[in-house]
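Enquirer: build me a model:
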Amino acid sequence: MGSLQWLGAVVAFWSSSRNVFFLIVLLACQVSITPFQIGPVMPGLSSAFSATRSSSVLGGSQRAMTFDRLLVNVGNDFNPDTGRFRCRVPGAYYFTFTVGKYPKKLLSVMLVKNGQEVQAMAYNEFRKQGRKVQSQSAMIGLKPMDTVWLLVQESPDYALYSNAGPYITFTGYLVYPESTSSMGYLNNHLIPPGIRPDCPPPEDPSYSERRREATEKVRSAFSVARTFSILGESRRHHKRDALTFDVEYVNIGGHFNKSSGHFTCYVPGVYFFAFTVGKHPRRAVSVKLMTGRGEVQAMVFDEDMSRKREMQSQSLLLPLKTGDVVWLYSQQDERYAVYSNQGRYTTFTGFLVYPELDFMSKDRTFH
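Expert: Model (predicted):
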């Protein structure tokens, strides 16, 4: 029986039983694949959104922040009408938001996971006439159906300001999908003729395992927070101790030590770092992003000595080599302090954006 006759018989048989699923599986294992068919990492592993709001929010008017403009919604996982992101692809996600402070009102917005699990917050208790913005960010590990949203204070003492500018933004995106070892063999890219979907290449039975190991080796990310304040103690304190952390959201690769406060580079490349710190009442704040033995890369500073609490944020990209160390240093004399509590005012996040090309090309190509 010719191949076309055989296929016709198979289609007739399975059509009669309406079992299309098994027909597809059978055909996949019997027919050679053309170069245009689907092959190793699903496009469905993409997930990202960015939304803005062009109107103010007065305390008591709503519980979850909603949005009226959606700039990006890859995967359609974010609903601007409810303000909720629902996880479809498990993995490590980076979230960042900025909110405007309403004149003569307090500001408090919490990044929430699922019910009311507070991950981080933006806060400002100045009641001055002027407007300003506050930002916060964190990387969070999510499972399918987890939700992430911004919780707004319902008291009339609080409000958020925005206009057509807009002042209020919310962004999130998948940085690293969950390890492919837990997803099986994923199909997505174009593959050569003769290679069948969901089957490792016949000439290399260890293909998927080697591919998984290579993917894992070029992953590096952390996100941490503090739940308590740190006060500067002495003008004579010359040792530059790193800011340490007690909450760990994500630590892919185990390259961040929250007890020492140090991130050590094991995968050379370009990294993104972001940090937010809370200002302590009656103290100034000065926190620097440091590398090596104390080279300052970026900093936040606020010398206001009032009793009010607010926050400062900073971020940048850094090229790192194996063994490079990155950490935060808080000025340690008695005029300075960093504020935090269970709301997690103070956060620190970093992740690999682009691995070094030499590292990628070395023993990383599979045929």
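
Enquirer: Y249 reaches L142, doesn't it?
Expert: No - no contact is recorded between Y249 and L142 when judged using C-beta atoms under 8 Å, the distance being 10.5 Å. Where you see a C-beta, it was placed from the backbone N, CA and C, and this is true even at glycine.

Enquirer: of those two, give the one with the bigger neighbour count.
Expert: L142 (24 against 21; other C-beta atoms under 10 Å).

Enquirer: so how far is T96 from the nearest residue to that one once chain neighbours are set aside?
Expert: Of all residues not flanking L142 in the chain, C87 sits nearest, at 4.1 Å (C-beta to C-beta, 6 or more residues apart in numbering). Taken as C-beta to C-beta, to the nearest Å, the spacing of C87 relative to T96 amounts to 17 Å.

Enquirer: now the helices for the stretch 151-300 of the chain?
Expert: 207-217 (DSSP state H, counting those that start in this stretch).

Enquirer: where does it dip in pLDDT?
Expert: Applying pLDDT under 70 to the stretch 151-300 of the chain picks out residues 179-217, 234-238.

Enquirer: mind running it again at 50?
Expert: Screening the stretch 151-300 of the chain residue by residue with the criterion pLDDT under 50, one finds the ranges 180-203, 207.

Enquirer: name the element the residue nearest to the spatial centre of the chain belongs to?
Expert: Centroid-nearest residue in the chain: Y94, 1.3 Å away (criterion: C-alpha atoms, centre = their mean). Secondary structure assignment for Y94, by DSSP states H and E: strand 91-101.

Enquirer: check F301 too.
Expert: Assigned by DSSP H and E, F301 belongs to strand 295-302.

Enquirer: how about that strand as CSV, C-alpha atoms only?
Expert: Taking C-alpha atoms only, strand 295-302 is exported to CSV below (Å, rounded to 0.1, in the frame of the first residue of the first chain):
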residue,chain,number,x,y,z
GLU,A,295,33.5,51.1,43.7
VAL,A,296,30.3,53.2,43.7
GLN,A,297,28.1,52.4,40.7
ALA,A,298,24.9,54.2,41.6
MET,A,299,23.2,55.7,44.7
VAL,A,300,20.1,57.2,46.3
PHE,A,301,20.2,60.1,48.7
ASP,A,302,17.8,62.2,50.7
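
Enquirer: partners of that strand in the sheet?
Expert: strand 285-291 (antiparallel) (DSSP bridges).

Enquirer: what's the strand it pairs with in contact with?
Expert: Identification of contacts with strand 285-291 by C-beta atoms under 8 Å, 6 or more residues apart in numbering yields 240, 242-243, 273, 275, 277-279, 296-302, 312, 314, 316, 318, 320, 324-331, 336-339.

Enquirer: buried subset of those as a ChimeraX selection?
Expert: Selecting in ChimeraX just the buried members of these, where the criterion is 16 or more other C-beta atoms under 10 Å, is done with this command:
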select :242,243,273,275,277,278,279,299,300,302,312,314,318,320,324,325,326,327,328,329,330,331,336,337,338,339
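
Enquirer: in strands, which of the contacts of strand 285-291 fall?
Expert: Secondary structure from DSSP state E places 273, 275, 277-278, 296-302, 312, 314, 316, 318, 320, 325-330, 337-338 of those in strands.

Enquirer: hang on, the earlier thing: what's the helix or strand following the strand holding Y94 packed up against?
Expert: Along the chain past strand 91-101, the next helix or strand (assigned with DSSP H and E) turns out to be strand 107-113. On a contact count with 3 or more C-beta pairs under 8 Å, 6 or more residues apart in numbering; DSSP states H and E, strand 107-113 meets strand 91-101, strand 117-124, strand 133-142, strand 147-152, strand 159-161.

Enquirer: can you add distance to Y167 and give these back as CSV?
Expert: As requested, these are arranged in CSV below (distance: least, C-beta to C-beta, whole Å):
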stretch, distance to Y167
strand 91-101, 3
strand 117-124, 12
strand 133-142, 6
strand 147-152, 13
strand 159-161, 6
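
Enquirer: worst average pLDDT in the ones you listed?
Expert: Comparing those by mean pLDDT, the weakest confidence falls on strand 117-124, with a mean of 84.

Enquirer: partners of that one, with directions?
Expert: Within its sheet, strand 117-124 is paired with strand 107-113 (antiparallel), according to DSSP bridges.

Enquirer: contacts for the partner strand, please.
Expert: Contacts of strand 107-113 with the rest of the structure, by C-beta under 8 Å, 6+ apart, involve 65, 95, 97, 99, 101, 118-125, 134, 136, 138, 140, 142, 146-153, 158-160, 343.

Enquirer: and the angle from it to strand 147-152?
Expert: Compare the direction of strand 107-113 with that of strand 147-152 by axes from the mean of the first three to the mean of the last three C-alpha atoms, to 10 degrees and you get 160 degrees.

Enquirer: centre of the chain versus strand 107-113, how much separation?
Expert: Averaging C-alpha positions (C-alpha atoms, centre = their mean, to the nearest Å) puts strand 107-113 16 Å from its chain's average.

Enquirer: buried set for it?
Expert: Buried, per 16+ other C-beta under 10 Å, within strand 107-113: 107-113.

Enquirer: now those residues in TSV, with distance to L174 and pLDDT?
Expert: Compiled in TSV, those are given as follows (distance: C-beta to C-beta, whole Å; pLDDT from 0 to 100):
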residue	distance to L174	pLDDT
L107	29	88
S108	28	89
V109	23	92
M110	22	92
L111	16	94
V112	19	94
K113	15	94
